[in-house]
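Chemist: Give me a model of this one.
(chains A and B)
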Amino acid sequence: MRNLIAGVSGIVFGVGLGVSQMVNPDKVLDFLDLLGTWDPSLMFVMGAAVVVYLIAWRIALARQVPLLDSRFHWPAPADLWDGRLFGGAAVFGVGWGLVGFCPGPAISSLAFLLPQSVVFVLAMMAGSYTAGLSRPGHLALEEPEPVIR
Amino acid sequence: MEIVNFTPGAAILGGALIGLAGAMLLLLNGRIAGVAGILSRLLPPQPGDAAWRVYFLAGLVIGAVIWRLLSGQTSADIVFATSWPALVLGGLLVGAGTRIGNGCTSGHGVCGIGRLSPRSIGATLTFMATGVATVYVTRHLIGG
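Modeler: Purely as a prediction, here's the structure:
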């Protein structure tokens, strides 16, 4: 059941990326081109998504457990001043600005069967895998299971 | 600055769908809909934790196929301004950067800001800033 929900969530997400045209790298580059031909659309995509998610988050806080799992898998709390967080985000932004793809739209764009999408996604997977090698234990970067005594 | 191709209606509708997808995954499965995080924990896959990630990522592609059928959009509407080497470099940087920084536009930008996380707000401002700077260099300093 959880797998099915994950699949449906992915589908809704993918339709949303299509409707908002984030699957088109040129539109995303226009959003980032503040000093040239600026397309503010992406700000509205993020804004609308954040508003909906904020409501879901409030409901999650009130409910304490999700419907189909025993707990919420929140990211582990960490300090704000974290070199990896800001360094990684900075590197990600350079790649995003070079091509106009972030991970979600890149994967969704595979639906258009363009070789550029395939090359980008393979490079992205290689980059992620390689970066993961530098920090073997980091896959557990999620709040640990609460200890039940 | 010149404003072009601004489509606020489609942007709000598409964004709301993305938020809804994240809300579903959170309230039903208790999981964060951050695409980079969902992908990175498959590289390599962890026992007992891989299937739902594959379903979600497959859903991303199926959702875009459904969008294509509904809209009639073709591959000609997807425009790349990037050379092949830059495409590979961009992919590597996006993959490595999101893994090191623990999130992407969906993980930090939507789910993280959507729970008012200071780390995600900081990360989002950072990748927006370097993204804008990169486009400034490629479109206006080198190209243009």
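Chemist: From here on, just use CA atoms for contacts and neighbour counts.
Modeler: Fine.
Chemist: Is chain A within reach of stretch B:19-37?
Modeler: Yes: on the criterion CA under 8 Å from any CA of the partner chain, stretch B:19-37 is in touch with chain A at B:19-32, B:35-36.
Chemist: what's the model's confidence in that stretch, averaged?
Modeler: For stretch B:19-37, mean pLDDT is 97.
Chemist: Can you pull out the low-pLDDT segments for chain A?
Modeler: A:136-149 (pLDDT under 70).
Chemist: Sorry, slip of the keys, the one I care about is chain B.
Modeler: Counting by pLDDT under 70, chain B has low-confidence residues at B:143-144.
Chemist: ranges for the strands of it?
Modeler: Listed in chain order, the strands found in chain B under DSSP state E are B:2-3.
Chemist: With adjacent residues omitted, what lies nearest to the residue nearest to the spatial centre of it?
Modeler: Most central in chain B under CA atoms, centre = their mean is B:Thr105, positioned 4.8 Å from the mean C-alpha point. Distance criterion CA to CA, 6 or more residues apart in numbering or on different chains; nearest residue to B:Thr105, sequence neighbours excluded, is A:Cys102 at 6.7 Å.
Chemist: can you tell me which of the residues of stretch B:19-37 next to chain A are in helices?
Modeler: B:19-24, B:35-36 (DSSP state H).
Chemist: Quick one: the residues you listed as TSV, columns for neighbour count and distance to B:Ser117 too.
Modeler: Output for these, formatted as TSV (neighbours: other CA atoms under 10 Å in any protein chain shown; distance: CA to CA, whole Å):
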residue	neighbour count	distance to B:Ser117
B:Gly19	33	16
B:Leu20	24	19
B:Ala21	27	19
B:Gly22	31	16
B:Ala23	27	16
B:Met24	24	19
B:Val35	25	17
B:Ala36	27	17
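Chemist: Please tell me how far A:Ala111 sits from B:Leu69.
Modeler: A:Ala111 sits 11 Å away from B:Leu69, going by CA to CA, to the nearest Å.
Chemist: Compare these two and say which is more crowded by neighbours.
Modeler: Higher neighbour count among A:Ala111 and B:Leu69: A:Ala111, with 22 against 11, using other CA atoms under 10 Å in any protein chain shown.
Chemist: Determine the longest helix present in chain A.
Modeler: helix A:41-63.
Chemist: Run the chain-centre distance for it.
Modeler: 14 Å (CA atoms, centre = their mean, to the nearest Å).
Chemist: CA atoms only for that helix - export them in PDB, please.
Modeler: What follows is helix A:41-63 as a C-alpha-only set of coordinates in PDB (Å, rounded to 0.1, in the frame of the first residue of the first chain):
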ATOM      1  CA  SER A  41       6.700  31.800 -12.900                       C
ATOM      2  CA  LEU A  42       8.800  29.500 -10.800                       C
ATOM      3  CA  MET A  43       8.400  31.700  -7.800                       C
ATOM      4  CA  PHE A  44       4.700  31.000  -8.000                       C
ATOM      5  CA  VAL A  45       5.300  27.300  -8.400                       C
ATOM      6  CA  MET A  46       7.300  27.200  -5.200                       C
ATOM      7  CA  GLY A  47       5.000  29.500  -3.400                       C
ATOM      8  CA  ALA A  48       1.900  27.500  -4.200                       C
ATOM      9  CA  ALA A  49       3.700  24.200  -3.300                       C
ATOM     10  CA  VAL A  50       4.900  25.600   0.000                       C
ATOM     11  CA  VAL A  51       1.500  26.900   1.000                       C
ATOM     12  CA  VAL A  52      -0.100  23.500   0.400                       C
ATOM     13  CA  TYR A  53       2.800  21.800   2.200                       C
ATOM     14  CA  LEU A  54       2.600  24.100   5.200                       C
ATOM     15  CA  ILE A  55      -1.000  23.000   5.800                       C
ATOM     16  CA  ALA A  56       0.000  19.300   5.500                       C
ATOM     17  CA  TRP A  57       2.800  19.900   8.000                       C
ATOM     18  CA  ARG A  58       0.500  21.500  10.500                       C
ATOM     19  CA  ILE A  59      -1.800  18.500  10.200                       C
ATOM     20  CA  ALA A  60       1.200  16.100  10.600                       C
ATOM     21  CA  LEU A  61       2.200  17.900  13.800                       C
ATOM     22  CA  ALA A  62      -1.300  17.600  15.200                       C
ATOM     23  CA  ARG A  63      -1.600  13.900  14.200                       C
END
